[in-house]
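Chemist: Build me a model:
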Amino acid sequence: APDEMPEPIGSDVVAGEPCDIYRVDDSDTGEPGDICITDDAIILRVETGTGVVFEAEEFERASQDPSLFEVPEGYQRMQMPGGMSPGRR
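Modeler: I've put the predicted structure just below:
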């Protein structure tokens, strides 16, 4: 299936967290690059032919305050007219 992840080309440890390295193609340029991603899909490093674009320096797994996920007071859900959705044309 097209949504399956390819086999990793290696592994590394970034910011103390193990991750698998995958070769990917940039959707804009078509140039290959590598991403290092954890088993639970957290990207820790992105590297292209020009070098490291992004790399985590610190990483911590911790519980989040539940208030961060509460719907703000006064929030109103709005429907698009005519059943349109933002991504459809």
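Chemist: going forward, measure contacts and count neighbours with C-alpha atoms only.
Modeler: Noted.
Chemist: Show the pLDDT at residue 75.
Modeler: Per-residue confidence (pLDDT) for residue 75: 90.
Chemist: ok, now residue 63?
Modeler: 94.
Chemist: mind checking how far it is from residue 33?
Modeler: In this view, residue 63 and residue 33 are 32 Å apart by C-alpha to C-alpha, to the nearest Å.
Chemist: just residue 60 next, same as before
Modeler: From residue 60 over to residue 33 (counting by C-alpha to C-alpha), the distance is 25 Å.
Chemist: go on, residue 64?
Modeler: Distance, residue 64 to residue 33, by C-alpha to C-alpha: 32 Å.
Chemist: what about the strands in this structure?
Modeler: For the chain, strands defined by DSSP state E occupy the ranges 10-14, 17-25, 32-37, 43-48, 51-55.
Chemist: Counting neighbours, what do you get for residue 34?
Modeler: Residue 34 has 21 neighbours, counted by other C-alpha atoms under 10 Å.
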